[in-house]
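Colleague: Got a sequence here, can you build the structure:
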Amino acid sequence: MAPEPLRKAATPIHTHAIDNLRYIRETMERAGSFTAVPGWGGVAMGGTALAIAGLASHTSSPSAWIACWVCEAILAIAIGIFAMWRKAEAAGLALWSAPARKFAFSFVPPLLAGGILTLVLVKAGASSAIPGMWLLLYGTGVMAGGAFSVSLVPVMGACFLVDGTLALLTPPAWADLWLGLGFGGLHIVFGAIIARRYGG
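Modeller: Residues are numbered from 1 along each chain as shown. From the prediction side, this is the model:
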């Protein structure tokens, strides 16, 4: 039998278990707070989208209009990847961390579908349906990816769905208004909220 002083110094096993559970919970909370959605990156994407909406509204042909928005998509992807990398680095996570992987695998397929449908609609002479289709599929991707993120992200996706629906139901001349409101305004508003609540 151990001497009395040693028995008093020993830490009960349940104390170790509580400490371990606390560590696990805090680690999971940190991982969960990493949304994989860049806040300030979203604001930057919104700013470029508003600029392109203004530029595209003055184009003289459908091909020039599509070229403007395709350039914006490429720029937005580059901004998003860079912002995600900075955010992951600040959180001490790899860019290809579990939250980012889950978001990407849910978010990217609707974007690929949008690219294919764009070619199909242009070939069919149905370009007026493209803005609404872009917004709907983008919103679908955001909602799907948001299932693995904070609750604010699916809400943003739902707003894109509403925006895309309105784009399909209103005159084609309003296309840049809805695209600017969605890719510009929604990105800026939700990006700023995400940055303030969840960082970068």
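Colleague: CA only for contacts and neighbour counts going forward, please
Modeller: Will do.
Colleague: Read off the pLDDT value for K87.
Modeller: As predicted, K87 sits at a pLDDT of 79.
Colleague: is it true that it touches G199?
Modeller: Yes - using CA atoms under 8 Å, K87 is in contact with G199, at 7.5 Å.
Colleague: Could you work out the end-to-end span of stretch 174-188 for me?
Modeller: Distance between the two ends of stretch 174-188: 20 Å, counting by CA to CA, to the nearest Å.
Colleague: tell me which residues in it are buried?
Modeller: 175-188 (16 or more other CA atoms under 10 Å).
Colleague: just to revisit the earlier point, higher neighbour count, K87 and G199?
Modeller: Taking neighbours as other CA atoms under 10 Å, K87 and G199 compare with K87 leading, 26 against 18.
Colleague: can you tell me which helix in the protein is longest?
Modeller: helix 62-90 (DSSP state H).
Colleague: Which one of the buried residues of stretch 174-188 is nearest to A195?
Modeller: Of all these, I188 has the smallest distance to A195: 10.3 Å, by CA to CA.
Colleague: Make sure the closest one is actually in contact with T48.
Modeller: No - the criterion here is CA under 8 Å, and I188 misses it with T48 at 10.2 Å.
Colleague: follow-up on the earlier one: check which helices and strands the longest helix of the chain sits against.
Modeller: helix 39-56 (3 or more CA pairs under 8 Å, 6 or more residues apart in numbering; DSSP states H and E).
Colleague: So which bits of the helix it packs on are buried?
Modeller: 39-50, 52-53, 56.
Colleague: pLDDT check: weakest of those?
Modeller: G39 (87).
Colleague: What separation do you get for that residue and L177?
Modeller: The gap separating G39 from L177 is 23 Å, by CA to CA.
Colleague: Run a quick neighbour tally on I74.
Modeller: As a burial measure, I74 scores 11 neighbours (other CA under 10 Å).
Colleague: so how far is I130 from the residue nearest in space to the middle of the chain?
Modeller: Centroid-nearest residue in the chain: V37, 4.4 Å away (criterion: CA atoms, centre = their mean). Look at V37 and I130: by CA to CA, they are 25 Å apart.
Colleague: Please apply the same query to F105.
Modeller: Taking CA to CA, one finds F105 at 23 Å from I130.
Colleague: more crowded one of these two?
Modeller: I130 (23 against 13).
Colleague: Thanks again, I'm all set now.
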